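A.B. asks: Predicted model and sequence below, questions to follow.
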Number of protein chains: 2
Amino acid sequence: MTQTDLAEPTKLGRKRDHTRDPEILDAALDVLAETGYDGMTIDMVAARAKAGKATLYRRWPSKNELVIDAVACMKSNDIDYDNLPDTGTLRGDLIAMVKPPSIRDADRKMRVMAAIVSMLAGNPELAETAQQALIEPRARVNRVFFQRAIDRGEIPTDVDLSMLCLIGPAMAAYRTLMLRKPVDRDYVVAIIDKVILPAAGVRV
Amino acid sequence: MTQTDLAEPTKLGRKRDHTRDPEILDAALDVLAETGYDGMTIDMVAARAKAGKATLYRRWPSKNELVIDAVACMKSNDIDYDNLPDTGTLRGDLIAMVKPPSIRDADRKMRVMAAIVSMLAGNPELAETAQQALIEPRARVNRVFFQRAIDRGEIPTDVDLSMLCLIGPAMAAYRTLMLRKPVDRDYVVAIIDKVILPAAGVRV
DNA sequence: TATATACGGTACTCTGGAGTTCCGGATCTA
DNA sequence: TAGATCCGGAACTCCAGAGTACCGTATATA
């Protein structure tokens, strides 16, 4: 086999340790959430990940690509759509999603969203990534719950699903980003009971 | 009268043309909405206002103070709280606020909010200014409408006013900042009919 | 073993933007 | 009129941060 073989270059030298990728991306998310996009520096990320700056630039060509990858990786360890809670009532299902780890995870996502909101307009790739990683997963869970409620006859069949799915995320985002108040369990329950369920037309 | 008189220095020289202040602040808001806080440069603002950079630094000590003043000045030409529409129904009052100029104004406020969201955590003064100029005015109008509806017996007396007032702003902000879709008249009417009025407990 | 690449770490270059200074001209007071 | 301060505009200093280069060391292949 020659060195000019196209299919198998068979790299020489020490191999890149890809187990560090998630650690670096996680550090990037921490810094991003704390300081915002422009406040975040590559040195901060490298220091937090206990890595060299060159190591980061070997893996991502620029700060922008690193941030996009970091945002994208928030999607994975998220939700198992095949094993969502199924309590038999819409309220039960919605409340079941309000657990401390879920809240903490959502809070971090909010802060990351705050950090990149002003970039979305001029950065379509980042916008698309944020949509897929931060927006869509939560809406998807809600769609499952509302569809079940429709199938059970718990809520009318003519409700506006896309609108209903957004109420929770919208209220939580507004409280975090604009009002800068904590989204705790009591607040989420209040949103469910006072806004979402009435809007869904649940019998009271 | 000596020059060392404390009360009346009686400034010499050409006087500062304060009619330019609003023009400069308005230019700052345009640039802010278009490029975000960090994307905005003093040169951009000066160029758009057809002013010299020194003129800006004569009036505001730093970029941060300029932005705070610009955000604060969005509060004024806003709403006449003594002459709010009074149609006799909650729905009528809410719909009456959905006019093209009001929508355009709200859209600009949203973009400015997007531009500064990531700064709020580390900039309490800016956060307070944004609260007073962008958040509170709209909530205040809503409170008037909902209180009237309570007084008329149109909605229950035990509704959560503070929660109700946030639904509209939260849904509109989410759609603009996160989903990056336009908040047009149809969408606002849909929010009112499908979410706000059911949550308020209006008889249907 | 010789070579090539990864590693953490440090020092470097380069660019853009905040803030300052100065200019010629205009406008104010004494 | 003389001195002071404004104006728009241009040139300047200064610095932080993106990205690059190189070090000594570690780990891979041939």
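C.D. replies: Nice, thanks for sending it over.

A.B. asks: Near DNA strand C, which residues of chain A? Just list them.
C.D. replies: The interface of chain A toward DNA strand C, taken as CB under 7 Å from any atom of the strand, is made up of A:11-17, A:20, A:46, A:50-55, A:58-59. C-beta: built from backbone N, CA, C; applies to glycine.

A.B. asks: one more time with 6 Å
C.D. replies: A:11-17, A:20, A:50-55, A:58 (CB under 6 Å from any atom of the strand).

A.B. asks: thought residue A:93 was touching residue A:86?
C.D. replies: Yes. Taking CB atoms under 8 Å as the definition, residue A:93 is a contact partner of residue A:86 at 6.7 Å.

A.B. asks: Quick check: neighbours shared by the two?
C.D. replies: Any residue near both residue A:93 and residue A:86 by CB atoms under 8 Å, 6 or more residues apart in numbering or on different chains counts here, and that gives residue A:148.

A.B. asks: Give me the more crowded residue out of those two.
C.D. replies: Legend: neighbour count by other CB atoms under 10 Å in any protein chain shown for residue A:93 and residue A:86, higher for residue A:93 (20 against 12).

A.B. asks: List the contacts of the more buried one.
C.D. replies: When contacts are counted by CB under 8 Å, 6+ apart, residue A:93 touches A:84-87, A:145, A:148-149.

A.B. asks: Could I have the buried ones of those residues as PyMOL selection syntax?
C.D. replies: Selection command for PyMOL covering only the buried members of these, criterion 16 or more other CB atoms under 10 Å in any protein chain shown:
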select buried, chain A and resi 145+148+149
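
A.B. asks: The lengthiest helix in chain A vs chain B: in contact?
C.D. replies: Longest helix of chain A, by residue count under DSSP state H: helix A:100-120. Yes. Using CB under 8 Å from any CB of the partner chain, we find that helix A:100-120 touches chain B at A:113-120.

A.B. asks: and that helix with helix B:100-120, angle?
C.D. replies: 110 degrees (axes from the mean of the first three to the mean of the last three CA atoms, to 10 degrees).

A.B. asks: avg pLDDT for whatever helix or strand comes next after helix A:100-120?
C.D. replies: The C-terminal neighbour of helix A:100-120 among helices and strands, as given by DSSP states H and E, is helix A:124-130. Mean per-residue pLDDT for helix A:124-130: 98.

A.B. asks: by contact count, what packs against the helix or strand that helix A:124-130 is followed by?
C.D. replies: Using DSSP H and E, the helix or strand that follows helix A:124-130 in sequence is helix A:136-152. Packing partners of helix A:136-152 (3 or more CB pairs under 8 Å, 6 or more residues apart in numbering or on different chains; DSSP states H and E): helix A:90-96, helix A:161-173.

A.B. asks: What lies in contact with helix A:136-152?
C.D. replies: A:75, A:78-79, A:81, A:84, A:86, A:88-90, A:93-94, A:97, A:106, A:155-157, A:159, A:161, A:164-166, A:168-169, A:200, A:202.

A.B. asks: ok, now stretch A:109-116?
C.D. replies: With CB under 8 Å, 6+ apart, stretch A:109-116 has contacts from A:29, A:32-37, A:40, A:67, A:71, A:74, A:126, A:130, A:134, A:172-173, A:176-177, A:183, B:117-118, B:120-121, B:178.

A.B. asks: can you put the helices and strands packed on helix A:136-152 in a markdown table and add distance to residue B:25 and mean pLDDT?
C.D. replies: Shown next, in a markdown table, are these (distance: least, CB to CB, whole Å; pLDDT from 0 to 100):
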| stretch | distance to residue B:25 | mean pLDDT |
| --- | --- | --- |
| helix A:90-96 | 44 | 98 |
| helix A:161-173 | 28 | 98 |
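
A.B. asks: looking at those, which is buried most?
C.D. replies: Most buried of the helices and strands packed on helix A:136-152, by mean neighbour count (mean count of other CB atoms under 10 Å in any protein chain shown): helix A:161-173, with a mean of 22.

A.B. asks: Run the chain-centre distance for that helix.
C.D. replies: Offset of helix A:161-173 from its chain centre (CA atoms, centre = their mean, to the nearest Å): 15 Å.

A.B. asks: C-terminal to it, which secondary structure element comes first?
C.D. replies: Helix A:161-173 is succeeded, C-terminally, by helix A:185-191 (DSSP H and E).

A.B. asks: anything in that following helix near chain B?
C.D. replies: Yes. Using CB under 8 Å from any CB, helix A:185-191 comes into contact with chain B via A:190-191.

A.B. asks: contacts for that helix?
C.D. replies: Outside helix A:185-191, the residues touching it (CB under 8 Å, 6+ apart) are A:95, A:98, A:100, A:103, A:167-168, A:171-172, A:175, A:181, B:160, B:163.

A.B. asks: Same question for stretch A:75-85.
C.D. replies: Residues contacting stretch A:75-85 (CB under 8 Å, 6+ apart): A:92-93, A:96-97, A:105, A:132-133, A:137, A:140-141, A:144-145.

A.B. asks: hmm, which two among these are most spread apart?
C.D. replies: A:92 and A:132 (28.4 Å; CB to CB).

A.B. asks: Make sure residue A:118 is actually in contact with residue B:40.
C.D. replies: No. Shown here, residue A:118 and residue B:40 do not form a contact pair, counting by CB under 8 Å, at 10.1 Å.

A.B. asks: Have a look at the two and say which one is more surrounded.
C.D. replies: residue A:118 (28 against 22).
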